[in-house]
Every structure is written in structure tokens, then in C-alpha cells.
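K.L.:
Structure of the sequence below:
(2 chains)
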Number of protein chains: 2
Amino acid sequence: MAGFPGVKAAPFTYASHVLAVASAAMVLVWCIHFRGGLAFESTNKSLIFNIHPVLMLIGFIIVGSEAIMSYKTLPLSHEVNKVIHLTLHAIALVLGAVGIYAAFKFHNESGIDNLYSLHSWVGLGTICLYGIQWIFGFVTFFFPGASPTLRIKSLPWHVLFGLFVYILAIATAELGFLEKLTFLESSGLYKYSSESFLVNFTALVVIFLGASVVISANAPARGDAPQGYSSISEN
Amino acid sequence: MAGFPGVKAAPFTYASHVLAVASAAMVLVWCIHFRGGLAFESTNKSLIFNIHPVLMLIGFIIVGSEAIMSYKTLPLSHEVNKVIHLTLHAIALVLGAVGIYAAFKFHNESGIDNLYSLHSWVGLGTICLYGIQWIFGFVTFFFPGASPTLRIKSLPWHVLFGLFVYILAIATAELGFLEKLTFLESSGLYKYSSESFLVNFTALVVIFLGASVVISANAPARGDAPQGYSSISEN
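P.N.:
Numbers count the residues shown, from 1 in each chain, chains lettered A, B, ... in the order given. Next up is the predicted model:
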């Protein structure tokens, strides 16, 4: 993917950090202040559910966003950045898996059906593709590592497929916010309440976060000769 | 946006046409066979609603998809393609606006609140941005037209912003499928019924359509020297 004329990654990575912190704070206010808090074991099963949006947004999407941007944000060598990139993505995968486990646990302990909604379908597809992408990236670029020619040929596909999966993750989050809020509203939550607005605005911030991360991944790093993604971006 | 090594637009434009026809057929089967048909005036207000998904998918997204791909799919001169591109986008905008009107009409005649859901927020934002994008494109590239230098500088931004709005439109459709199906299921539709699966699979086909259109817009046309988007894509 090419950069855009005159666009550097830096302002978009800064914006992404700010949007990430804002959306993290918003989802915590929602789940703790409005929804009663977080717990893996509780007779109040809603507290088990609450772990799901918190881990999927902060653990999966935000850690994944920082992983995507790591080549642009960190003033380190290419090799160190690569280890940070794959480690952050691994952390995102694990936290995402735990977050999905929390949703199943909530369903099972509350007698709610599993895997009937579009959110669950797209979400499971997304984390499977994320895992496949991670394994391919690890094998091709880290250990044992493909030949230099194959690496150069693979990199734009790694970026393309990675951003596709990332956009799917953002879309899944939007579906999740809508689904949960629709359930709450059909159970009596006022449609124009502070909580409803908070959830919708959190979802909007997540869209802007996603757009900002995608742009920064396609823009060259500022300053010195770019490495990693941007070494291909500028071909 | 750059093309990817060895990737031509043609297979993706063919796939897009097939996915467009499939999703159009699926939304028609849903709204006509399962949901009773379409009507602008009816005592059965659900028939007014049914116009909304049909026009938003076939009118807005599919016509818009063909507009995006027109430079790649049609063996015509750049100037003719440009007129087709902007005309199809104008048709998509008008049909999208009528589709949104149908949703408001259904709400108003059924006593349902307007503009509380994430679907409505993101959807209205999307069609506003789509309209702004169309006006900017018209003024810059058609009439009166900017200077050649400014056109060349503007084109990658036109493509970037256009694809951003297009991805938002796809995401809005996903939100709409999920929202409507959640309402139907909370009113008694079995979660694993044929209709539920049809709606979810339609939504999946729309995701693949969106991905295919975005890839084809970034890939060079096959055969002779590309014009339009790809003249920048290959710089």
C-alpha cells in the first residue's frame, strides 16, 4: 500500500493513541459505572458479560492497533520493532480469546443461545483470521523466516490481509455495541439516555481509531529512512 | 493506493458482480418471500420498512460498487468512464436517500423513535460524506474542473476518502442486518431459522462484496495502459 502525498504517519499515530485512551476510558465507564463492574465468577451474570467488551476493545483492538503502528511509533531498530509487533499481536490474540471465552461463559451460565448472531459469526471469523495471519507472519518474517525474495513479495500481502482483518475487528466491535445496546433498550433502557449515548459515542470513537490506524499504517514514518512496512510502502 | 504485485482488477471485478447479484437476490428473497413484500403505502407498515434494505443494498451499495469499479470494468474512454462513474454515484445517492426516507416513513407511521441507534448515526454520517465526496469529485474532476496539478494531487485523496466512505457504507449495512434481525428474533423469530441464516449469510456476502470492490479499486486494470484510478495507482 502506498503512502499519500505529503502525509506522514506521526499525526495519525498520535491521534490513534488519544482515540485509544478515550475509547478505553469510555468502555470502562460503561461497564463499571453503568453496568455494575467486572467479574469472572458472580451470581450476577451481567458482570461476567462486562469482561467481554472491555477485553475485546482494550485487549484485542487497542493492543492490536498499537501492534500495527509499532513500526511507526517506536524509535527502535527494525529487528526490535518486529519482536514488539509480533508480541503485541500475540497479547491481543490471547486477550481477545479470553474476552470471547467470557461471552460464552455468560451465555452458558445464563441459558442464552450461542453463535446465532452476525456479531458472533464475524467475530469468530475475525479472530481465526487474526490467528492465521499471526502464524503466517511469524513463519515468514521471524522464524524460520522465508527467503529475502519471498519476504519482499509477501510483505504487501501481509499488510493488506492484516488491515482487512483489522477492519473486520473494528466492524465486529460496532456490531457488538449495537447488539448489546439493542438488548438493553429492548429491556427498558431509555433510547436517548446518557448510557445509550455513551455506548454510541464509544462506537464512533472506535471507528475514528480504526481509520486513523489504517492511515498511519499506510503512511511513511517521519524523519529518517523508514523501515518495516514503509520500506515497501515507498517502493 | 498502490496495486499489489501481480494482482489485476479483473478477477475481483468479476467476483464483485457475482457477489452483487447474489446479495441482491438474497435481500429480495428475504424482504419479499419472508417479510411479505414491498410497498410505499400500506396499512401493513412492515412493507414500507422492507423498501429500506432493498434500496440501501441494491440502490446504494451495489450501484455505488459498480460506480467505483466502472474505470476497471468498462472498455470505454476515460472521459466516458468518468461520466458513468459520477452518474452511477449520483443514482446511488438518490436511491440511498429514498431508502432512508422509507425507514423514517416506517418509523413515523409506526410510532417508532428516530435516530437513536448506531446504525442510523453511522448511516446518516455515511450518506452525508458520500454526498460531500460526490460534490468535491464533480467540481474537481468534471465541472468546472481543477488545474491538472491539483487534479493529480487530489486523485489519491479522492480514492482514499471514497473507499473510506464505501467501507462505512458496508459497515452500516452490517449494522442494519444485525439490528433488524435482533428485533425480529426478540419478537419471536427462531434464532436458527432459515430466515435468520439467510439474513446473516446475506450480510457475509456483503462483506465479501465490499472487500472485493476495495481490492479491485486498488488493482490495475488488465490489458492496455490503465486510465483513471490506476494511472495514479501505478505511479
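
K.L.:
can you tell me which residue is nearest the centre of chain A?
P.N.:
What sits nearest the mean C-alpha location of chain A, by C-alpha atoms, centre = their mean, is A:Ile61, with 1.7 Å.

K.L.:
Can you classify that one by secondary structure?
P.N.:
Three-state assignment for A:Ile61 (DSSP: H, G, I helix; E, B strand; the rest coil): helix.

K.L.:
and the gap between it and chain B?
P.N.:
Note on A:Ile61: its distance to chain B, by C-beta to the nearest C-beta, to the nearest Å, is 14 Å. Glycine gets a C-beta too; all of them are placed from N, C-alpha and C.

K.L.:
before we move on, what about A:Phe104?
P.N.:
16 Å.

K.L.:
circling back: you'd agree the residue nearest to the centre of chain A is up against A:Ile207?
P.N.:
No - if you go by C-beta atoms under 8 Å, A:Ile61 and A:Ile207 don't touch, sitting 11.4 Å apart.

K.L.:
overlap in contacts of these two?
P.N.:
A:Ile170 (C-beta atoms under 8 Å, 6 or more residues apart in numbering or on different chains).

K.L.:
quick one on the thing from earlier: how close does the residue nearest to the centre of chain A sit to A:Leu47?
P.N.:
21 Å (C-beta to C-beta, to the nearest Å).

K.L.:
what do you get for A:Leu74?
P.N.:
From A:Leu74 to A:Leu47 the distance is 36 Å (C-beta to C-beta).

K.L.:
okay, those two: which has more neighbours?
P.N.:
A:Leu47 (20 against 15; other C-beta atoms under 10 Å in any protein chain shown).

K.L.:
And that one, which helix or strand is it part of?
P.N.:
A:Leu47 is part of helix A:45-54 when elements are defined by DSSP states H and E.

K.L.:
Ok, A:Glu41 next?
P.N.:
Secondary structure from DSSP H and E places A:Glu41 outside every helix and strand.

K.L.:
Buried residues of the longest helix along chain A, list them for me.
P.N.:
Using DSSP state H to define each element, chain A has its longest helix at helix A:148-186. Within helix A:148-186, the residues that count as buried by 16 or more other C-beta atoms under 10 Å in any protein chain shown are A:153-156, A:158-182, A:184-185.

K.L.:
That helix and chain B, are they touching?
P.N.:
Yes - using C-beta under 8 Å from any C-beta of the partner chain, helix A:148-186 reaches chain B at A:153, A:156-157, A:160, A:164, A:167-168, A:170-171, A:174-175, A:177-179, A:181-183, A:185-186.

K.L.:
Phi, psi for A:Tyr192 please.
P.N.:
phi -110, psi 30 (degrees, to the nearest 10).

K.L.:
which ones are touching it?
P.N.:
B:Asp113, B:Tyr116.

K.L.:
mind running it again at 7 Å?
P.N.:
Contacts for A:Tyr192 (C-beta atoms under 7 Å, 6 or more residues apart in numbering or on different chains) come out as B:Tyr116.

K.L.:
what's the burial count for A:Leu129?
P.N.:
Counted with other C-beta under 10 Å, residues neighbouring A:Leu129 total 16.

K.L.:
what does A:Val54 give?
P.N.:
19.

K.L.:
Double-check it against A:Trp30; I have them as touching.
P.N.:
No - A:Val54 lies out of contact with A:Trp30 (C-beta atoms under 7 Å); the separation is 8.9 Å.

K.L.:
Report the spatially closest residue to A:Val214, excluding sequence-adjacent ones.
P.N.:
The shortest distance from A:Val214 to any non-neighbouring residue, by C-beta to C-beta, 6 or more residues apart in numbering or on different chains, is to A:Leu163 (5.7 Å).

K.L.:
separation between the one you found and A:Gln133?
P.N.:
Separation of A:Leu163 from A:Gln133 (C-beta to C-beta): 10 Å.

K.L.:
who in chain A is up against chain B?
P.N.:
Proximity of chain A to chain B (C-beta under 7 Å from any C-beta of the partner chain) is limited to residues A:1-2, A:4-5, A:113, A:116-119, A:121, A:153, A:156-157, A:160, A:164, A:167, A:171, A:174-175, A:177-179, A:182, A:186, A:191-192, A:196, A:200, A:203, A:211.

K.L.:
what ranges do the helices span in chain A?
P.N.:
Remark: helices assigned in chain A by DSSP H are A:10-28, A:45-54, A:63-73, A:78-110, A:118-141, A:148-186, A:194-218, A:229-233.

K.L.:
what pLDDT, on average, does the shortest one get?
P.N.:
So the one you mean is helix A:229-233. In this model, helix A:229-233 carries a mean pLDDT of 38.

K.L.:
Retrieve the pLDDT associated with A:Phe4.
P.N.:
Per the predicted model, pLDDT is 63 at A:Phe4.

K.L.:
meant to ask about A:Pro226, not that
P.N.:
42.
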